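Trainee: sequence unknown, structure follows:
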């Protein structure tokens, strides 16, 4: 019985006191303490706690406080009241949820990493770049892109261009890259070609908004990292490399086209 | 009741060719929430509120309403033990107050012009007995709007979805849907400048719990435009015959004038509907 009463929210000592009082009917603190085998001062404090829940009533005779157990049915009522209290709290939680959500969302995007596998995973990453709200900064290898998902380009370039999303890209200087940059104007691109003997790379890295997108074009997976802090840092690193890429490009090819994008 | 339930959501979406032609859009669609049982998008949240309140044996639901929200909620509860108490502005037309009285347990008129009522104050107004369990449901439950995203993307791949903005619950619900489903559409919100008594009355609100989130989403390229009263009336007159709507829902078409779309864009206009009153 002690264990069952504890399930109803009474502590072990409260349960002992309540059971003692049920047996005694009406009694003083001392009698209850003796019956429950709990010291008098603790019994006094806990009796008041049980009384607050309506399970014990208090009266006074000749200046002495007397405690009586409420009928056992009162326990059911007490639990029903508790259920009502918590049901009301569910409603309160719902009513504060909009403000809590707003604070949670309003503190800005939480860093998030998403991983996508296979050719479809690469497409998912490229599709995400079409949501860019600013010019995309990119390191890319044209031949690896076209080899990884052959049917996807150049239609992707056209869709990006239609959405007015421009790209500034650094490409290793290869025949495929040289051919591609001839389409810079219609594909909304400014590109710098850097010596492939020294700077060849196979993956693509795109940086835009709060995102950094890595596309492993040989191992065929993509990784989208959303982090304001990391994106800001990599944008600065890109600007630094862009200056050198521009110098290297102009050394071989002269001024690039579509430069003001 | 079961019949009402089965009709919630999965509302039709239809193409509006003359908007496409006139405004040079690749696609223009209307997601017609007026086809919900009470003729309003609010049915989506209210049905779920009722279900939860009924399950937990809540005695009363209280909310501030300018008509649609309270009417929709009371329609769901009217054959149950859950009572709906509508707090309305004294300025609300008698026709709407009377219609609410037909379905709600109680309609309490207050001067809501300048006072922002806290949930506990509304509960105090609705309380008749000490032990009643009362929920305040004016705002929130916006997550029940997120299925709209799935329904829209089943039909088309929009670049933009245009929604009316009052307190911002619909905007929030759809933004959450976009984020959770990793969709690429932007949400454009259309609200009103008059926060006390606009012609688009459902959009007048002196306060919203979503302020911080709305600011955040705007920074991410999901703009909210606020219309003058003459713009609200002008748009209503232009578009009231395109769909079954009221001024508070026709505002979405103002995006055609306020936002610069590309010719390649597909746009979905959310018609939040018009209640049966």
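Mentor: It's in. Computed from a predicted model, the values in this text were never measured in an experiment. Numbering: from 1, shown residues only, chains lettered A, B, ... in the order given.

Trainee: what's around the closest residue to residue B:82 other than its chain neighbours, how many residues?
Mentor: Closest residue to residue B:82 apart from its sequence neighbours, by Cβ to Cβ, 6 or more residues apart in numbering or on different chains: residue B:53 at 5.1 Å. All C-beta atoms are positioned from the backbone trio N, CA, C, and that covers glycine. Residue B:53: 29 surrounding residues under other Cβ atoms under 10 Å in any protein chain shown.

Trainee: Residue B:53 - that's part of a helix, no?
Mentor: Yes. When classified by DSSP: H, G, I helix; E, B strand; the rest coil, residue B:53 is found to be part of a helix.

Trainee: what about residue B:105, neighbour count?
Mentor: 19.

Trainee: picking up where we left off before, right, and the residue nearest to residue B:82 touches residue B:136 too?
Mentor: No. Residue B:53 sits out of contact with residue B:136 when judged by Cβ atoms under 8 Å, with a separation of 11.5 Å.

Trainee: ok, residues contacting the one helix or strand residue A:59 maps to?
Mentor: For residue A:59, the element it lies in under DSSP states H and E is strand A:56-61. If you take Cβ atoms under 8 Å, 6 or more residues apart in numbering or on different chains as the criterion, strand A:56-61 is touched by A:18, A:21, A:26, A:47, A:50, A:51, A:65, A:66, A:67, A:68, A:69, A:70.

Trainee: who touches residue A:239 in this structure?
Mentor: Taking Cβ under 8 Å, 6+ apart, one finds residue A:137 in contact with residue A:239.

Trainee: part of a helix, is it?
Mentor: Yes. Counting by three-state DSSP, residue A:239 falls inside a helix.

Trainee: roughly how far apart are it and chain B?
Mentor: According to Cβ to the nearest Cβ, to the nearest Å, residue A:239 stands 22 Å off from chain B.

Trainee: Okay, that residue and residue A:168: tell me how far apart.
Mentor: Distance, residue A:239 to residue A:168, by Cβ to Cβ, to the nearest Å: 10 Å.

Trainee: With residue A:37 instead?
Mentor: Distance check for residue A:37 against residue A:168: by Cβ to Cβ, it reads 82 Å.

Trainee: Tell me which of these two has more neighbours.
Mentor: Neighbours were counted for residue A:37 and for residue A:168 using other Cβ under 10 Å; residue A:168 has more, 21 against 10.

Trainee: now whatever helix or strand that one lives in, how far from the centre of its chain.
Mentor: Using DSSP H and E, residue A:168 falls within strand A:167-172. In terms of Cα atoms, centre = their mean, to the nearest Å, the centre of strand A:167-172 is found 32 Å from the chain centre.

Trainee: Just give the nearest non-adjacent residue to the one residue in the stretch 101-250 of chain A that gets nearest to chain B, would you?
Mentor: With Cβ to the nearest Cβ as the measure, residue A:106 is the residue of the stretch 101-250 of chain A nearest to chain B, at 3.0 Å. Counting by Cβ to Cβ, 6+ apart, residue B:212 is the residue found nearest to residue A:106 once chain neighbours are left out, at 3.0 Å.

Trainee: since we're on that neighbour, how many residues are nearby?
Mentor: Using other Cβ under 10 Å, residue B:212 is surrounded by 17 other residues.

Trainee: Same check on the one 10 residues further on?
Mentor: Other residues near residue B:222 come to 21 when the count uses other Cβ under 10 Å.

Trainee: again with residue A:68
Mentor: Residues within reach of residue A:68, counting by other Cβ under 10 Å, total 16.

Trainee: quick one: contacts for the residue nearest to residue B:82?
Mentor: Each residue near residue B:53 by Cβ under 8 Å, 6+ apart is listed here: B:61, B:77, B:82, B:135.

Trainee: Just the contacts of strand A:56-61: which are in helices?
Mentor: A:18, A:21, A:47, A:50, A:51 (DSSP state H).

Trainee: Please tell me I have it right and the first one contacts residue A:51.
Mentor: Yep, that's residue A:18 we're talking about. No. Checked against Cβ under 8 Å, the pair residue A:18 and residue A:51 is beyond contact range at 10.6 Å.

Trainee: Between the two, tell me which one has more neighbours.
Mentor: Taking other Cβ under 10 Å, residue A:18 and residue A:51 do not tie; residue A:18 has more neighbours (26 against 15).
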